[in-house]
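Visitor: got a sequence here, can you model it:
(one chain, ligands or ions: 1)
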Amino acid sequence: MTKKLITVIGATGAQGGGLARAILADASGEFSLRAVTRKPEGESARALAAAGAEVVRADLDDEASLRRAFDGAHGAFCVTNYWEHLSPDREIAQARALGEASKASGVAHVIWSTLEDTRLRVPLTDPRMPTLHGRFKVPHFDTKGGSDAFFDASRTTFLATSFYWENLIYFGMGPKPTENGSLGFVLPMGDEKLPGIAAEDIGKCAFGIFKRGASTFGQHIGVAGEHLTGAEMARALSRALERDVVHQAVQPEVYRGFGFPGADDIGNMFQYKAELESAYCGARSVSESRALNPDLLTFAAWLSKYKSKIPLA
Ligand SMILES: NC(=O)c1ccc[n+]([C@@H]2O[C@H](COP(=O)([O-])OP(=O)(O)OC[C@H]3O[C@@H](n4cnc5c(N)ncnc54)[C@H](OP(=O)(O)O)[C@@H]3O)[C@@H](O)[C@H]2O)c1
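Guide: Sure thing, here's the model as predicted:
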């Protein structure tokens with residue numbers, strides 16, 4: 001049987017890495033992996049090559065390199081990394097290049113890792129949250145959702161991702177000491193639920209989508225491991241860390257003022273998720289995610305694997 005080749009953008013990263021490892025681990029042998037990176041000599045790329053991947057060099061800023069990476073592939077997983085540059089224009093240009101290259105090279109099935117264009121529900125005229133860069137409410141969402149149109153819907157599945165629980169490890173969002181000796185977990189979402197997921201599970205769900213194939217073309221499929229309030233996350237953290245963890249539901253405007261690069265974007269993001277909780281959670285079915293990926297982790301299961309990596313200082 002000829003294997004179906006999947007080109008994975010971001011194979012050395014969180015989402016694409018989860019998909020790459022799922023393809024390599026699949027005993028059916030239905031698929032093979034072409035892992036894309038700018039650094040084939042890097043440690044992550046070399047690990048993928050050692051595990052059986054074809055590793056190729058391509059750059060999202062160079063459409064011709066993407067065409068070469070997609071050439072002959074059955075499938076393409078497409079993701080951009082806003083947080084590397086914080087430039088909406090650059091992310092849009094990269095998404096356009098992915099869409100154009102996947103069409104030009106005749107890939108049969110594309111997965112575009114996207115998020116909502118929040119402006120469809122919170123127009124720029126809405127005063128609830130500030131407009132950023134003159135034309136966005138949540139830049140790193142709007143750029144992705146606004147780029148859906150670059151992809152050919154007749155062969156693309158639009159994968160709506162969720163908040164990675166790894167943000168507690170790598171993005172400074174873990175619990176921090178408070179003056180009274182407990183740990184404070186800041187989540188500016190009041191009592192509303194946040195869909196969250198283990199980043200690795202996004203890639204595993206994407207693998208489930210490639211296995212389903214044509215029946216998913218044109219669909220928006222949202223994935224999440226659980227929908228939890230800040231208080232529920234704090235209780236799970238307390239149990240896992242055996243420390244008193246308290247949810248701190250600061251207001252979005254306070255969060256926007258935290259001062260780190262992108263704090264305004266993320267403050268708007270949490271406000272959007274909280275104020276449109278029903279639509280946002282409704283677009284991310286946990287049971288559908290588990291049908292795509294039976295290994296889907298709950299937050300408690302994720303904590304039992306990774307709690308020791310959460311910095312608590
Ligand atoms: N953090 C969250 O909670 C969350 C939730 C949902 C969605 N997201 C979105 O996830 C995206 C990032 O995905 P991730 O977390 O999987 O990334 P990641 O772990 O930070 O890794 C970035 C990946 O993108 C590749 N890459 C970046 N720029 C590239 C370029 N110019 N050309 C080729 N490859 C490039 C990197 O490859 P090399 O360095 O090897 O070239 C690497 O594999 C962001 O856009 C973010 O908005 C994040």
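
Visitor: which stretches of the chain aren't confidently modelled?
Guide: For the chain, applying pLDDT under 70 flags no range at all.

Visitor: just the closest residue of this structure to the ligand, please.
Guide: Going by Cβ to the nearest ligand atom, the ligand is nearest to Gly13 of the chain, at 2.3 Å. Backbone N, C-alpha and C define where each C-beta goes, glycine included.

Visitor: how far away is the residue nearest to that residue when sequence neighbours are not counted from Ser285?
Guide: Excluding the flanking residues, the one nearest Gly13 by Cβ to Cβ, 6 or more residues apart in numbering is Asn81, at 6.9 Å. Note on Asn81: its distance to Ser285, by Cβ to Cβ, to the nearest Å, is 26 Å.

Visitor: next: Ile221.
Guide: With distances taken as Cβ to Cβ, Ile221 is found 9 Å from Ser285.

Visitor: ditto for Ser238
Guide: Ser238 is 28 Å from Ser285, by Cβ to Cβ.

Visitor: ok, now Lys273?
Guide: 16 Å.

Visitor: equivalent analysis for Thr131, please.
Guide: Taking Cβ to Cβ, one finds Thr131 at 31 Å from Ser285.

Visitor: ok, Tyr164 next?
Guide: 18 Å.

Visitor: and those two? Which one has more around it.
Guide: Tyr164 (22 against 17; other Cβ atoms under 10 Å).

Visitor: quick one, what contacts the closest residue to that one other than its chain neighbours?
Guide: Take Tyr164 and drop its neighbours on the chain: the residue closest to it by Cβ to Cβ, 6+ apart is Ala199, 4.3 Å away. Ala199 makes contacts with Ala14, Gln15, Gly18, Tyr164, Trp165, Glu166, as judged by Cβ atoms under 8 Å, 6 or more residues apart in numbering.

Visitor: can you count the residues close to Glu200?
Guide: For Glu200, the neighbour count with other Cβ under 10 Å is 22.

Visitor: next one: the one 4 residues further on
Guide: When neighbours are counted by other Cβ under 10 Å, Lys204 registers 23.

Visitor: one more: Glu226?
Guide: With other Cβ under 10 Å as criterion, Glu226 counts 23.

Visitor: how about the strands in this structure?
Guide: Assignment of strands within the chain using DSSP state E yields the ranges 4-8, 31-37, 54-57, 75-78, 109-114, 156-160, 163-164, 176-177, 183-186, 193-197, 220-222, 226-229, 245-248.

Visitor: within its sheet, name the partner strands of the third one and how each one runs.
Guide: Read it as strand 54-57. Looking at strand 54-57 with DSSP bridges, its partner strands are strand 31-37 (parallel).

Visitor: list the buried residues of the strand it pairs with.
Guide: Buried residues in strand 31-37, counted by 16 or more other Cβ atoms under 10 Å: Phe31, Ser32, Leu33, Arg34, Ala35, Val36, Thr37.
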